[in-house]
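# predicted model, plus sequence, below.
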Amino acid sequence: MSSLSPALLDRFIAIVGASHALRDEADLAPHLIENRGLYHGSSPLLLKPGSVEEVSAILTLASETGTAIVPQTGNTGLVGGQTPREGSSDIIVSLERMNRIRDIDPVANVMVVDGGCILADVQKAAEEHGRMFPLSLGSEGSCRIAGNLSTNAGGTAVLAYGNMRQLCLGLEVVMPTGEIWNGLRRLKKDNTGYDLRDLFIGAEGTLGIITGAVLKLFPQPLGHQVAFAGIQSVEDALALFKNASSLCGPALTGFELMPRIGVEFTVRNIPGVRDPLETAHPWYLLIDISTSDSAETAERMMTALLEQGFEAGLVQDATIASSETQQRALWHMRESMSDAQKPEGGSIKHDVSVPVSDIPEFMRKAEEAVMAAIPGARICAFGHMGDGNIHYNISQPVGADKAEFIGRWHEMNEIVHGLVLAHQGSISAEHGIGQLKRDELASIRSEIEMDLMRRIKRSFDPAGIMNPGKVVNV
């Protein structure tokens, strides 16, 4: 399968040592498949460097020999950006050994970490110093910081804290040529030329390998309240969000929209999950409020918001978590909603964003179009209503043939993405482009935008070795 000579593979292995290289097919197999099984790649070798210098040596040799490199961190991506190409001899570079917390400064509210740090470990390290790193994802127990940065991950706290681009001050990157750029600056204000950091964040490993980062930390909130509310419509959700934004301001840290079918899937397929309300409702909201002064303030805000909602007829029923355990249980339901769709058969997924005010109209038009195309389809559209990011997932009709349903992926993409673009939205809100949306990106972006992207790619990666076939074709 490999077109790379045994002698060249041995040169790569010598950089990290034989104990930190995988060549056996069984060992490589978990690294060759994308999380949803959409992409199956091939590779003769996986390397696990233990230092920036080893990453540099790998890329220097790759550049000299024209060897394609695929960076991989937690392998949790959903668009095939971390998966080597099928039939290729791409070498995978895993950052799992580069997982040090280099420094924490709770006064300046910054943390310096290796790119291979697991997100949950970063969160825990921040907590041990009385601080918080707010990025939160369903995969936080296995995803890694370099991958979060390379996809500009969003998660459930974007509403209050922003995505990874807003949570990072500086980067350390190994260029495709092997050169090391140390941009680990801890400054919030630094207007000295082009912002190179922003070129690498969201580049999905096509411009270099992120080996280190300076992350922003925040004080731990003193008050925290989570509520789960049953509502009648998406229009009611939007009206309540407007009230919540006015009442809570920056204390509103989460505002998640979920359909009844999503709750049913999760209760049925995720062990330990229970329906929080006694009666069924068409839609639900998970509302999260965090305050910096006291628990009493968070409680007053949540109570006032729900009272307003009941009085205005926007909320039909609600429960407020009475403990941290209950808060975690409510969030677990929301974060498990994607996995809960797997036992239901084939699922065609969309990670899109539209202006918040357009969400009700988009949801209505999308449902009409999808149901007209596939009667009986089960639409499980949920997500971060506060920032306009909807995971518009479509599960197959009960009893349908899975392969036949998945075969209509691009047809459904055209329907959903067409409506997204009509609302001036984005076909990729937080998952990236990877292989899945590469060709579609080229069809919807202007000629000048695509040309600029290709120029950047050629300038940073003249040998074309970095994660080829992802984001843009050059």
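Yep, that arrived. Residues are numbered from 1 along each chain as shown.
# return the per-residue confidence for the residue sitting nearest the centre point of the chain.
In the chain, the centroid-proximal residue (Cα atoms, centre = their mean) is residue 153; its distance is 4.0 Å. pLDDT recorded at residue 153 is 95.
# and residue 428, how far is that from residue 180?
Separation of residue 428 from residue 180 (Cβ to Cβ, to the nearest Å): 30 Å. Where C-beta positions appear, they are placed from N, C-alpha and C, glycine not excepted.
# the more surrounded of these two?
Taking neighbours as other Cβ atoms under 10 Å, residue 428 and residue 180 compare with residue 428 leading, 22 against 17.
# mind checking the SS state of the more buried one?
For residue 428, the assignment made with DSSP: H, G, I helix; E, B strand; the rest coil gives coil.
# identify the residues contacting it.
Residues counted as contacts of residue 428 (Cβ atoms under 8 Å, 6 or more residues apart in numbering) are 79, 351, 352, 437, 441.
# would a markdown table of these with secondary structure and pLDDT be doable?
Formatted as a markdown table, these follow (DSSP: H, G, I helix; E, B strand; the rest coil; pLDDT from 0 to 100):
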| residue | secondary structure | pLDDT |
| --- | --- | --- |
| 79 | coil | 92 |
| 351 | strand | 95 |
| 352 | strand | 97 |
| 437 | coil | 94 |
| 441 | helix | 95 |
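# pull out the buried members of these.
Taking 16 or more other Cβ atoms under 10 Å as the criterion, what is buried in the contacts of residue 428 is 79, 351, 352, 437, 441.
# quick one: residue 90 and residue 70 touch, right?
Yes. Contact criterion Cβ atoms under 8 Å: residue 90 and residue 70 qualify, at 4.8 Å.
# list the buried residues of stretch 329-343.
Under 16+ other Cβ under 10 Å, the buried positions of stretch 329-343 are 329, 330, 331, 333, 334, 335, 336, 337, 338, 340, 341.
# and those residues, which is closest to residue 300?
Distance to residue 300, by Cβ to Cβ, is smallest for residue 330 among the buried residues of stretch 329-343, at 19.6 Å.
# OK, contacts around the closest one?
For residue 330, the contact set (Cβ under 8 Å, 6+ apart) comprises 226, 228, 276, 286, 321.
# residues near the third one, how many?
The one in question is residue 276. Residue 276 - counted by other Cβ under 10 Å - has 21 other residues nearby.
# okay, now the nearest residue to it once chain neighbours are set aside: neighbour count?
Spatial nearest neighbour of residue 276, excluding adjacent residues (Cβ to Cβ, 6 or more residues apart in numbering): residue 228 at 4.5 Å. Residue 228: 25 surrounding residues under other Cβ under 10 Å.
# and for the one 3 residues further on?
Counted with other Cβ under 10 Å, residues neighbouring residue 231 total 23.
# that one contacts residue 312, correct?
No. Contact criterion Cβ under 8 Å: residue 231 and residue 312 do not qualify, at 11.1 Å.
# quick one on the thing from earlier: now for residue 90 and residue 70: what residues contact both?
Joint contacts of residue 90 and residue 70 (Cβ under 8 Å, 6+ apart) are 41, 43, 84.
# got a winner among those for most neighbours?
Neighbour counts for the shared contacts of residue 90 and residue 70 peak at residue 84, which has 28 neighbours (criterion: other Cβ under 10 Å).
# my guess is it contacts residue 43, does it?
Yes. Residue 84 is within contact range of residue 43, at 4.5 Å (criterion: Cβ under 8 Å).
# now do the shared contacts for these two.
With Cβ under 8 Å, 6+ apart, residue 84 and residue 43 have common neighbours 32, 70, 90, 92.
# what's opposite the second one in the beta bridge?
This points to residue 70. Residue 70 has these beta-bridge partners by DSSP bridges: residue 92.
# any idea how far residue 82 is from it?
Remark: distance between residue 70 and residue 82 (Cβ to Cβ) = 7 Å.
# domain parsing of the protein, as residue ranges.
6-94, 101-219, 223-335, 345-422 (automatic domain parsing).
# so for residue 473, which of these sits nearest?
domain 101-219 (10.8 Å).
# was I right about residue 30 contacting residue 75?
Yes. Counting by Cβ under 8 Å, residue 30 touches residue 75, with 7.4 Å between them.
# these two: which is more packed in?
Remark: of residue 30 and residue 75, residue 75 carries more neighbours, 21 against 10, as counted by other Cβ under 10 Å.
# am I right that that one is in a strand?
No. Using three-state DSSP, the assignment for residue 75 is coil, not a strand.
# and it, backbone torsions?
Torsion angles at residue 75 (phi, psi; degrees, to the nearest 10) stand at phi 60, psi 40.
# residues near residue 278, how many?
8.
# ditto for the one 10 residues further on
The tally of other residues near residue 288 (other Cβ under 10 Å) stands at 27.
# that one: what secondary structure?
Once three-state DSSP is applied, residue 288 turns out strand.
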